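Colleague: how does the following fold in three dimensions:
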Amino acid sequence: MAETNLRIIAYGKPKDGDPSKEIGDFTVDFNPNTFTVNNKIEYKQPDAKGQTGGDPVFEKIPPLEFSLEFTIDGTGVAMGNLSPDKKNNFKNKKHDYVKSQIIKLREVTGSGINGDIHRPNYLALLWGTFRLECVITALNITYNLFDAEGTPLRAKVTCNFLERIAPGKGGRQSRLESPDLTKYQVVRECDILPLIARNNYEDSAYYLQLARVNKLKNFRNIPPGVTLILPPMVEQDA
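Modeller: Numbers count the residues shown, from 1 in each chain. Modelled structure (predicted):
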């Protein structure tokens, strides 16, 4: 089942398909404001003496780097987004809600060292059809709203993650050649969903499934700049 809100799951050992290793999780109240993917390709520049240039030699494709930015709010405006457990937590710790959520986020992401494994936690990000095995590389928090006593009521959180490729699954280069890789496409002015479906799945009939996956209310009028999730496979309706 696809996750409606972004969920960060912690594992004491590499998950590698085993959900029994889960040791904690954190679900955001508001989905990310921004989601940045940094895909690097490394080349080695030939060192040819006496020459002004050369043909760069391909070396490797490093793991993907991801950056997420989301908000933790303690004013109560997010009550409609909260799970029953979080609503109870908010009512019991209204003035400390932001602080308690930051503490939980640090515990789950392993911003410190997990004493049992002597390293930060292994993580998985789940959001819609997006799933990524990763580790956290940075956690930055900006408090931007306070009450009269100085208690933080709102915080902007920026998390940086590094993709983790399990042993035996091949390197990044081989995975890029696989047809089972989730893609992302930014909608341009002239794009329409049936055309996007045909270009990616060789059949425009998949546009309804794409609309459902991306929760599009009006697939005929998608604003330019929207990033669409293109899952590896989309089953057609019977």
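Colleague: by residue count, what's the longest helix in this protein?
Modeller: In the chain, taking DSSP state H as the definition, the longest helix is helix 97-109.
Colleague: contacts made by it with the rest, please.
Modeller: 8-10, 24-26, 29, 72-74, 89-90, 93, 111-112, 120-121, 123, 136, 139, 141, 143, 151-155, 157, 159 (C-beta atoms under 8 Å, 6 or more residues apart in numbering). Heads up, the C-betas are built off the backbone N, CA and C, glycines and all.
Colleague: in strands only, show me those residues.
Modeller: 8-10, 24-26, 72-73, 123, 136, 139, 141, 143, 152-155, 157, 159 (DSSP state E).
Colleague: buried members of those into PyMOL, please.
Modeller: Buried subset of the ones in strands among the contacts of helix 97-109, written as a PyMOL selection, criterion 16 or more other C-beta atoms under 10 Å:
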select buried, resi 8+9+10+26+72+73+123+136+139+141+143+152+153+154+155+157+159
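Colleague: domain map for the chain?
Modeller: Following automatic domain parsing, one finds the domains of the chain at 3-172, 179-230.
Colleague: tabulate those domains in TSV, adding columns for mean pLDDT.
Modeller: Formatted as TSV, the domains of the chain follow (pLDDT from 0 to 100):
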stretch	mean pLDDT
domain 3-172	81
domain 179-230	81
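Colleague: measure Lys104 to Val226 for me?
Modeller: Separation of Lys104 from Val226 (C-beta to C-beta, to the nearest Å): 31 Å.
Colleague: hey, where'd the strands end up in the protein?
Modeller: Under DSSP E, the chain gives strands at 3-11, 22-27, 34-38, 42-44, 57-60, 65-73, 122-128, 130-146, 152-163, 183-186, 227-230.
Colleague: look up how far Pro232 lies from the nearest residue to Arg119 once chain neighbours are set aside.
Modeller: In space, and not counting its chain neighbours, Arg119 is closest to Ile113: 6.4 Å by C-beta to C-beta, 6 or more residues apart in numbering. Distance of Ile113 to Pro232, given as C-beta to C-beta: 35 Å.
Colleague: Phe70 pairs with what?
Modeller: Val157 (DSSP bridges).
Colleague: list the residues that contact it.
Modeller: 6, 28, 30-33, 156-157.
Colleague: before we move on, what about Val57?
Modeller: 43-46 are the contacts of Val57 under C-beta under 8 Å, 6+ apart.
Colleague: now render those as a markdown table, adding distance to Phe58.
Modeller: Output for these, formatted as a markdown table (distance: C-beta to C-beta, whole Å):
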| residue | distance to Phe58 |
| --- | --- |
| Tyr43 | 6 |
| Lys44 | 8 |
| Gln45 | 11 |
| Pro46 | 12 |
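Colleague: same list, those residues, but as JSON lines with neighbour count and distance to Arg220 please.
Modeller: JSON lines is the format used below for the contacts of Val57 (neighbours: other C-beta atoms under 10 Å; distance: C-beta to C-beta, whole Å):
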{"residue": "Tyr43", "neighbour count": "11", "distance to Arg220": "42"}
{"residue": "Lys44", "neighbour count": "11", "distance to Arg220": "48"}
{"residue": "Gln45", "neighbour count": "10", "distance to Arg220": "48"}
{"residue": "Pro46", "neighbour count": "11", "distance to Arg220": "51"}
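Colleague: the closest residue to Phe146 other than its chain neighbours: what's it in contact with?
Modeller: Nearest non-adjacent residue to Phe146, counting by C-beta to C-beta, 6+ apart: Pro152, 5.7 Å away. Contacts for Pro152 (C-beta under 8 Å, 6+ apart) come out as 74, 98-99, 143, 145-146.
Colleague: out of those, which are buried?
Modeller: For the contacts of Pro152, buried by 16+ other C-beta under 10 Å: 74, 98-99, 143.
Colleague: chain neighbours aside, what residue packs nearest to the residue nearest to the spatial centre of the chain?
Modeller: With distances taken as C-alpha atoms, centre = their mean, Leu125 lies nearest the centre of the chain, 5.5 Å away. For Leu125, ignoring the flanking residues on the chain, the nearest one in space by C-beta to C-beta, 6+ apart is Leu132 at 4.5 Å.
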